[in-house]
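Visitor: Here is a sequence together with a model predicted from it:
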Amino acid sequence: MTPLSALLRKELRLEWRTREAVPAMALFSVTTFVVFHFGLQRDAVDGALAAGVLWVTLLFAAMLGANRLFVSDSEDGALEGILLAPIDRTALYAAKAIAFAAYLAIVEIVAVPAFYLLLLGPSAGGAVPGLLAVLGLADIGIALTGTLVSGLATRTRSRDLLVSLLGLPLLMPVIIAAARATTPLLAAAGPGDLPGRWLAVLALYDLVIGLIALAVFDFLLED
Amino acid sequence: MPSPPSTDTPAIELDGLERRYGERVALAGVSLTLPRGAVLAVLGPNGAGKSTLLRVLATLLRPHGGTVKVLGEDLPGGAWKVRGRIGYLGHQPLLYRDLSARENLLLHARLHRVARVRVDEMLDAVGLTRRAEDPLHTFSRGMVQRCSVARTVLHDPDLVLLDEPRANLDPAAAEIIEPLLEGRTRVMTSHDPRDAERAEVVLGLREGHPHAIDGLYAVPAHAGTAPRADRRTQDGAR
């Protein structure tokens, strides 16, 4: 078993046992959609407004998860135990990022149907295949950035604040591209074409942030 | 691939080691040489810099001045080469409280590329086989400390760094772990001057500087290389 698979297994096992991140993220998402449902005083939203509601909600839910990513590692010095091992520390980053992307996907299995139910009209069903592509690319970007920022903040006292302060601006390109790509899918007249340009922006962001993270993560964990 | 350092190379060589936390000096002017197979006792009151010294040697903290060589490798540049050869027992267990003892040790075994059977051996050696599947948060502090000792020596390290190793252990448990640590090059911090009796080399620290403690440990710097008999001769207070 490689260090990456050992660390990934540890991440998933800890989340399964403690259930600290995924339930909180899912509950937050559904609750926020309920709030929007009543707050907007509309039975259905579409287009840019629907895309904005969806992505802002998922982004804030992701920030909740990012805040929890290194919590179990910071208890009892467990992270230092990992840092003492003769491994490439980017394996730790990769394991966390993969686990975080998996958490986001699980949350969306709950949150997106809730979004459809509470805020979209019955004609929105055809948007699902396109939406899955946008969700997949955006989740990768959110997971890569969230893990990087969470790793940076893990040794600070104001971890929760720092993750949001750094993470939200860094994730602006993801939100812009994901919302733009989603807008035509959620049009009132029925799903339009998936805008390839914004998918390319998401893919490019994932690539760039992934390379940056691999270059700097080891350095972030130094004292 | 670089050849491993000769076994004649000292386990630890420090020359003017400095470490700061912001403006506060945690260690300054620490110099010593520890031969392989020897035991170094680092003694001093709270805040003397003992734990900081161990964390520098464990590669968890970077030195800010002087030179540090551990197992023949310069730190921090060669840290990645020696990490797998060091065992570090700190104030914290460095284990996941929501994983069981076996899961914790298996994780470290995989990271250190140690055979699975070694985990069972270590659980048996520290007397935790019966509770191996229980999560650590259900353990007493002494049991967690025993598990932490098992983690420390799981990969059979050349150098063991022990930060007050008998803290949280009752005498029986201390006896259980002693055989696991014996025969290895050891650095051990303690408040207890009696621990100097077990060491070939003694370093006294006060406020980060080498310092004689109660007239007993007048071996603040290079004298630390002296074997025990010589040290006793040098130290008229004894």
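Guide: Sure thing, it's come through.
Visitor: Quick one: name the residues of chain B near chain A.
Guide: B:58-62, B:80, B:83-84, B:86, B:88, B:90-99, B:103, B:107-108, B:110-112, B:135-136, B:151 (Cβ under 8 Å from any Cβ of the partner chain). For glycine as for every other residue, the C-beta is placed from the backbone atoms N, C-alpha and C.
Visitor: how about 6 Å then?
Guide: Proximity of chain B to chain A, by Cβ under 6 Å from any Cβ of the partner chain, involves residues B:60-61, B:83-84, B:88, B:92-98, B:107, B:110-112.
Visitor: Which of those residues are buried? Put it as a PyMOL command.
Guide: Selecting only the buried entries of the residues of chain B next to chain A in PyMOL, with 16 or more other Cβ atoms under 10 Å in any protein chain shown as the criterion:
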select buried, chain B and resi 60+61+83+84+88+93+94+95+96+97+98+107+110+111+112
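Visitor: Now for the residues of chain B next to chain A: which two are most distant?
Guide: The most widely separated members of the residues of chain B next to chain A, counting by Cβ to Cβ, are B:61 and B:98 (27.0 Å).
Visitor: which residues of the chain score low on pLDDT?
Guide: This is for chain A. For chain A, the stretches with pLDDT under 70 are A:122-125.
Visitor: that's the wrong chain, I meant chain B
Guide: Filtered on pLDDT under 70, chain B yields the residue ranges B:1-7, B:168, B:212-238.
Visitor: Is the most centrally placed residue in it within a helix or a strand, and which one?
Guide: Most central in chain B under Cα atoms, centre = their mean is residue B:161, positioned 1.0 Å from the mean C-alpha point. In the assignment (DSSP states H and E), residue B:161 maps to strand B:159-163.
Visitor: Please state the offset of that strand from the chain centre?
Guide: Here strand B:159-163 is found 1 Å from its chain centre; the criterion is Cα atoms, centre = their mean, to the nearest Å.
Visitor: Counting by contacts, list what it packs against.
Guide: If you count contacts as 3 or more Cβ pairs under 6 Å, 6 or more residues apart in numbering or on different chains; DSSP states H and E, strand B:159-163 packs onto helix B:50-57, strand B:86-89, strand B:185-190.
Visitor: in the following helix or strand past that strand, what's buried?
Guide: Note on strand B:159-163: by DSSP H and E, the next helix or strand toward the C-terminus is helix B:171-181. Neighbour-count burial for helix B:171-181, counted by 16+ other Cβ under 10 Å, picks out B:173-174, B:176-177, B:180-181.
Visitor: Give me the nearest residue to residue B:70, chain neighbours excluded.
Guide: The spatially closest residue to residue B:70, leaving aside those adjacent along the chain, is residue B:82, at 5.3 Å (Cβ to Cβ, 6 or more residues apart in numbering or on different chains).
Visitor: What's the local residue count around the one you found?
Guide: Neighbour count for residue B:82, taken as other Cβ atoms under 10 Å in any protein chain shown: 23.
Visitor: I'd like to know how far it sits from residue A:61.
Guide: Distance of residue B:82 to residue A:61, given as Cβ to Cβ, to the nearest Å: 42 Å.
Visitor: same deal with residue A:98?
Guide: Noted for residue A:98: a distance of 18 Å to residue A:61, by Cβ to Cβ.
Visitor: Likewise for residue B:32?
Guide: Applying Cβ to Cβ, the value for residue B:32 to residue A:61 is 53 Å.
Visitor: quick one, helices of the chain?
Guide: This is for chain A. With DSSP state H, the ranges of helices along chain A come out as A:3-18, A:22-39, A:47-68, A:71-74, A:78-83, A:90-119, A:128-153, A:159-170, A:172-182, A:196-221.
Visitor: wrong one, chain B
Guide: According to DSSP H, the helices that chain B contains are B:50-57, B:79-82, B:101-111, B:116-125, B:141-153, B:171-181, B:228-234.
Visitor: want to try a markdown table for these, with distance to residue B:190 as columns?
Guide: Below are the helices of chain B laid out as a markdown table (distance: least, Cβ to Cβ, whole Å):
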| stretch | distance to residue B:190 |
| --- | --- |
| helix B:50-57 | 8 |
| helix B:79-82 | 24 |
| helix B:101-111 | 25 |
| helix B:116-125 | 23 |
| helix B:141-153 | 15 |
| helix B:171-181 | 13 |
| helix B:228-234 | 16 |
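Visitor: closest one to residue A:193 among those helices?
Guide: Nearest of the helices of chain B (Cβ to Cβ): helix B:101-111, 47.0 Å.
Visitor: For chain A, list the residue farthest from the centre, please.
Guide: For chain A, the largest distance from the centre (Cα atoms, centre = their mean) belongs to residue A:86, which lies 29.6 Å off.
Visitor: can you pull the contacts of that one?
Guide: Residue A:86 is in contact with B:83-84, counting by Cβ atoms under 6 Å, 6 or more residues apart in numbering or on different chains.
Visitor: Excluding chain neighbours, what is closest to residue 150?
Guide: If you meant another chain, say so; for now it's chain A. residue A:69 (4.2 Å).
Visitor: wrong chain, I was asking about chain B
Guide: Closest residue in space to residue B:150, ignoring its immediate chain neighbours: residue B:122 at 4.0 Å, by Cβ to Cβ, 6+ apart.
Visitor: Same question for residue A:74.
Guide: Of all residues not flanking residue A:74 in the chain, residue A:154 sits nearest, at 5.8 Å (Cβ to Cβ, 6+ apart).
Visitor: and the gap between residue A:34 and residue B:188?
Guide: Using Cβ to Cβ, we find residue A:34 at a distance of 58 Å from residue B:188.
Visitor: who has more neighbours, those two?
Guide: Neighbour tally, residue A:34 and residue B:188, criterion other Cβ under 10 Å: the higher count belongs to residue B:188, 24 against 13.
Visitor: beta partners of the closest residue to that one other than its chain neighbours?
Guide: Excluding the flanking residues, the one nearest residue B:188 by Cβ to Cβ, 6+ apart is residue B:162, at 4.5 Å. Per DSSP bridges, the residues bridged to residue B:162 are residue B:89, residue B:188.
Visitor: quick one: residue B:162 from chain A, how far?
Guide: Counting by Cβ to the nearest Cβ, to the nearest Å, the gap from residue B:162 to chain A is 14 Å.
Visitor: burial count for the closest residue to residue A:153 other than its chain neighbours?
Guide: Excluding its sequence neighbours, the residue lying closest to residue A:153 (Cβ to Cβ, 6+ apart) is residue A:162, at 3.9 Å. Residues near residue A:162, counting by other Cβ under 10 Å, number 17.
Visitor: That concludes my questions; thank you for your assistance.
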